[in-house]
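*Asks:* Fold the following for me, if possible:
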Amino acid sequence: MIAGAGLGPAQGIAAAPNAAGQYPTSLGGVQVLFNSKPAPLLFVQANEIHTVAPFSLPEISVVQVQYGAQSVPPLDVPFSTVAPGIFTVNGQGAIIDQDGTVNTPANPARLGSIVSVYATGTGSLKTPLADGQLTPIPPPYILTQIASPQVTFAGLAGTTVWSGSAPGLVAGVTQINVQLPAALPSGTALGAVPVILNALGALSPPVFISVQP
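*Replies:* Numbers count the residues shown, from 1 in each chain. Sure, this is the predicted structure:
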């Protein structure tokens, strides 16, 4: 997300993929350029832009926002091949329980069950997808990592069942299906269990999942 002022229209505009499953690189008069290349856009508004950084970027890249005839001064921004982050929803991790419902304190996952964790910044894919491309269903687009990304719950590792580009979502969103431990350390608050994603040694900021025995 890019935050600021005067970056786009006062009324927010959400993008939709075209018939080929591709998100636009121009929306509501807004473009975001990474090294002069327009990037896919998901949402634009005056004070925030949601865009998808290209899969391939140098460590320091020039980012610039254009809105109509106006341009924000370019910024040199550092990038990394892996920089994991788990999405959140209403302060909780963006996690789906095994029954397909959203994990919340009122809808906890059972210990030992399989949950789906949604994240980004987890690395490249064995079969590349175009920038801004909707991930098809099927086939699965699996991460190239030598070892699957590891998800820990209150410091205990879950068992990764599958990880790759999230089907039906824009390329860059990763889905990790992981089995919760059968038990957690004594004293863990089950309503807010810290979850951390390890992708090739890079750790995500913690988010929270709610569980029950």
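
*Asks:* can you list the domain ranges for the chain.
*Replies:* With domains defined by automatic domain parsing, the chain comprises 2-78, 85-212.

*Asks:* okay, the ones you listed in TSV with mean neighbour count next?
*Replies:* (C-beta placed from N, C-alpha, C; glycine too.) Formatted as TSV, those follow (neighbours: other CB atoms under 10 Å):
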stretch	mean neighbour count
domain 2-78	15
domain 85-212	17
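
*Asks:* With mean pLDDT added, can I get these in TSV?
*Replies:* Output for the domains of the chain, formatted as TSV (pLDDT from 0 to 100):
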stretch	mean pLDDT
domain 2-78	96
domain 85-212	93
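
*Asks:* Run through the bridge partners of the spatially most central residue of the chain.
*Replies:* Centroid-nearest residue in the chain: residue 120, 3.0 Å away (criterion: CA atoms, centre = their mean). Judged by DSSP bridges, the bridge partners of residue 120 are residue 85, residue 173.

*Asks:* how about it, what does it touch?
*Replies:* 84, 85, 87, 172, 173, 174 (CB atoms under 8 Å, 6 or more residues apart in numbering).

*Asks:* mind running it again at 7 Å?
*Replies:* Applying CB atoms under 7 Å, 6 or more residues apart in numbering, we find residue 120 in contact with 85, 172, 173, 174.

*Asks:* Let me know whether the second one touches residue 50 as I believe.
*Replies:* Yep, that's residue 172 we're talking about. No - at 11.2 Å, residue 172 does not count as touching residue 50 under the criterion of CB atoms under 7 Å.
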